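Novice: Provided below for reference: sequence and predicted model.
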Amino acid sequence: MNLRSRVVALTRVLAKDLRANPKNWRTHPAKQREAVEAILQDVGIADAMLARRAEDGSMVLIDGHLRADIAAEQEIPVLLLDVTEAEADKLLATLDAITQMAGFDRAKLDALLSAEPRREDALEQLLDELAAKAALYQENDEAEDTATVEVDVDGFKMTHQCKECGLEFNA
């Protein structure tokens, strides 16, 4: 596969000089803002925002709206992309959605969460919720995967059912 790079520059700009994308569909509740503020305070800025250059020369955010808002008075790293508005819309619509499709390795997540010293703040609440969603610290009966698998040997069909929503699908 030959992929083209759309990154034209890594630059640093004052966060408040970035234009928020009016099509940004993500909302950021107070709890999320507190968690992002906590990780930024604890670790610092460790990721670049994504932006494209608009016709008027301004930079329009594609990804990183909340981080840019929190760090409004700071210079932040921005990957400037050479994409059209339509391509930026595709990225805006899919980046977070694709990330949310990822699964997790329970043992590796447990090791990561267990290594961090316990604290009392929004970041700790986020880590606790992550552990709960992964069913890391529940009793054996409750710690099973969130999906059950039934195998129809005659038809070689696997039926999956999500314990959370009840959705059934074949694989």
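Specialist: That came in fine, so what should we check first?
Novice: lowest mean pLDDT among the helices and strands of the chain, which one is it?
Specialist: Sorting the helices and strands of the chain by mean pLDDT, DSSP states H and E puts strand 147-152 at the bottom, at a mean of 48.
Novice: was I right about Leu66 contacting Gln32?
Specialist: Yes. Leu66 lies in contact with Gln32 (C-beta atoms under 8 Å); the separation is 7.1 Å. Yep, even glycine has a C-beta here, placed from its N, CA and C like the rest.
Novice: more neighbours: which of these two?
Specialist: Leu66 (18 against 14; other C-beta atoms under 10 Å).
Novice: quick check: phi and psi at that one.
Specialist: The phi and psi values for Leu66, taken as degrees, to the nearest 10, are phi -70, psi -40.
Novice: read off the pLDDT value for it.
Specialist: The per-residue pLDDT reported for Leu66 equals 97.
Novice: who are the contact partners of it?
Specialist: By C-beta atoms under 8 Å, 6 or more residues apart in numbering, the contact set of Leu66 is Arg26, His28, Gln32, Arg33, Val36.
Novice: how does it look with 10 Å?
Specialist: Asn24, Arg26, Thr27, His28, Gln32, Arg33, Ala35, Val36, Glu37, Leu40 (C-beta atoms under 10 Å, 6 or more residues apart in numbering).
Novice: for the last one, give me the pLDDT.
Specialist: Looking at Leu40, its pLDDT is 93.
Novice: about what we covered before: among the contacts of Leu66, which one lies nearest to Ala71?
Specialist: Closest approach between the contacts of Leu66 and Ala71, by C-beta to C-beta: Leu40, at 7.0 Å.
Novice: now do the buried residues in the longest helix along the chain.
Specialist: If you go by DSSP state H, the chain has its longest helix at helix 85-99. Across helix 85-99, burial judged by 16 or more other C-beta atoms under 10 Å covers Ala88, Leu91, Leu92.
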